[in-house]
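Colleague: need a structure here:
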Amino acid sequence: MADDGRNSDELDKIMQQIQNLQVESSSSADDRRRRHERSAIFHVNEKYRAYLDIFGGFIQGYEFDCERGDAVAHGLVTVECDPDTGEISHREATFLVLRRGESGRRDAVRMFEATCRLRGSVAIANALLVANCDGLKRWVICYEKLAGILSDYPDDHMLTTFGAFSSNGTDSLSPYWSNQIKMIITTLSDMGIRNVSHGGMSNPESYALTESLDIKLINMGKNENSRTYQHDLADFGTFLCQTPYIGASKCTSWTGFHFLINSNAMSQRYLWADIVKGHPLFLDPPSKLRCYVNLFEWSELIQISEKTAFCDACYKLMPDLTQKTLWGWISCCPASVKIYLNQAYKGISIYEDIITFVKNMILHGRQELMNANGGRWSDAHFCHKIEQLFPGFMSVAYALSKATRSDLNKLLGRA
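Modeller: The predicted structure follows:
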């Protein structure tokens with residue numbers, strides 16, 4: 001683990017050790033298999049435990065195949081498992097090729113130390129060493145074994161294999177992506193707490209797949225510009241939006257989620273991650289229904305001025321809902337009509353009425369919906385029906401319920 005207190009003299013001393021590390025790498029296919037190990041390198045805090053935690057011993061050397069122009073290579077690291085007996089083992093690893101010269105050295109050290117400060121965080125790829133390869137005349141950073149970089153996979157393959165949203169006509173996020181995004185959110189939270197910035201989370205080259213298909217962050221700190229975890233979170237949203245096989249911007253829930261991750265609610269350093277992971281996109285059906293009922297209870301507790309601001313903000317984000325009354329939106333569903341007729345609606349706007357209707361639907365409408373659907377009606381059916389009646393609204397309502405007053409004022413153009 002990196003020693004945050006290391007002064008420049010100590011770092012220079014460590015870097016002097018790196019100068020002795022070399023890797024011979026071929027520039028032609030005929031020599032591709034020529035490998036050579038050199039003694040290693042970068043003992044981050046010069047304690048046995050540092051490498052023991054990751055690989056079970058000291059890293060003594062490495063080797064990999066690489067042709068000139070390759071950005072990623074796979075190879076081995078040599079590990080001394082027992083310093084008393086000198087027992088040696090080889091472990092697979094992945095190497096990223098960086099720039100040459102002093103700029104490459106600065107990138108390598110910055111990336112290595114930023115990654116080590118986050119070692120153990122759930123979505124971080126472990127960095128094992130950095131070195132200057134004379135054969136390549138480039139610096140490299142070595143990570144745990146990775147299956148590949150997301151940017152290297154064709155979009156059509158990723159869409160078929162890793163499509164983010166279900167194909168049943170709903171905005172249901174696949175369990176795989178729900179889990180992966182939540183793990184990255186957890187790591188972004190760790191970054192904020194430990195004052196570490198990634199600086200490139202809109203770039204697909206910052207994401208790697210492990211052989212178990214978990215997504216891990218690489219290239220930590222490659223960008224020299226000083227940024228915050230909030231910038232990284234916004235960049236992560238850009239990645240989700242612009243990556244074709246995820247296609248988050250096509251999701252009706254995206255409006256609310258995008259507003260949330262760019263809001264001042266994210267400045268709550270120790271709380272923001274739970275707010276994001278509590279968004280309906282990431283909840284299973286029972287939890288999602290509880291979230292919707294909680295939204296109603298929240299709306300009943302706030303003052304009339306806050307409720308007015310909330311409804312005005314809903315209009316800013318979803319003005320089309322005002323084109324019909326609540327009756328107009330639900331009249332296509334006979335079971336919903338019966339639920340509607342059994343309750344009174346007198347909210348200050350359709351947005352408040354929808355929240356009330358959804359609560360009534362969940363708490364009092366199950367029997368009506370079961371009768372209309374042959375006796376079968378699960379929590380998942382509830383979620384589907386709510387999204388079908390009011391596409392994207394519960395996402396917006398959740399996001400605005402977590403927004404600060406300054407967020408609402410900015411959205412509404414108020415000083």
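Colleague: So residue 139 lies in a strand, does it not?
Modeller: Yes: per DSSP: H, G, I helix; E, B strand; the rest coil, residue 139 lies within a strand segment.
Colleague: mind checking the SS state of the nearest residue to it once chain neighbours are set aside?
Modeller: Leaving aside its chain neighbours, residue 139 sits nearest to residue 104 (3.7 Å; criterion: Cβ to Cβ, 6 or more residues apart in numbering). From N, CA and C alone the C-beta is placed, and that goes for glycine too. Secondary structure, three-state DSSP: residue 104 is helix.
Colleague: Next one: residue 104 from residue 224, what distance?
Modeller: Separation of residue 104 from residue 224 (Cβ to Cβ, to the nearest Å) stands at 13 Å.
Colleague: So between those two, which is more surrounded?
Modeller: residue 104 (19 against 10; other Cβ atoms under 10 Å).
Colleague: And the pLDDT for that one?
Modeller: Listed pLDDT for residue 104 reads 90.
Colleague: do you know how far it is from residue 80?
Modeller: Taken as Cβ to Cβ, the span from residue 104 to residue 80 is 27 Å.
Colleague: how about the host helix or strand of residue 73: buried residues?
Modeller: Following DSSP states H and E, one finds residue 73 within strand 72-82. Neighbour counts using 16 or more other Cβ atoms under 10 Å place 72, 73, 75, 76, 77, 78, 79, 80 of strand 72-82 among the buried residues.
Colleague: Surely residue 311 and residue 355 touch.
Modeller: No: with contact defined as Cβ atoms under 8 Å, residue 311 does not reach residue 355; the gap is 10.0 Å.
Colleague: Tell me which of those two has more neighbours.
Modeller: residue 355 (27 against 19).
Colleague: With distance to residue 64 added, can I get the buried residues of strand 72-82 in JSON lines?
Modeller: Below are the buried residues of strand 72-82 laid out as JSON lines (distance: Cβ to Cβ, whole Å):
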{"residue": "72", "distance to residue 64": "10"}
{"residue": "73", "distance to residue 64": "5"}
{"residue": "75", "distance to residue 64": "3"}
{"residue": "76", "distance to residue 64": "7"}
{"residue": "77", "distance to residue 64": "9"}
{"residue": "78", "distance to residue 64": "12"}
{"residue": "79", "distance to residue 64": "15"}
{"residue": "80", "distance to residue 64": "19"}
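Colleague: Can you say which two of those residues are spatially most distant?
Modeller: Maximum pairwise distance in the buried residues of strand 72-82, criterion Cβ to Cβ, is 26.3 Å, between 72 and 80.
Colleague: who touches stretch 383-392?
Modeller: Contact with stretch 383-392 is made by 168-172, 252-256, 285, 288-289, 292, 318, 321, 329-330, 333, 336, 354, 358, 361, 369, 394, as judged by Cβ atoms under 8 Å, 6 or more residues apart in numbering.
Colleague: Look at residue 200 and give its secondary structure.
Modeller: Under three-state DSSP, residue 200 comes out as coil.
Colleague: wait, I meant residue 208
Modeller: Residue 208 is classified as strand under three-state DSSP.
Colleague: For it, which non-adjacent residue is closest in space?
Modeller: residue 146 (4.5 Å).
Colleague: Could you say which helix or strand holds the one you found?
Modeller: Here residue 146 is assigned to no helix or strand, by DSSP H and E.
Colleague: lowest confidence element among the helices and strands of this structure?
Modeller: strand 38-39 (a mean of 34; mean pLDDT, DSSP states H and E).
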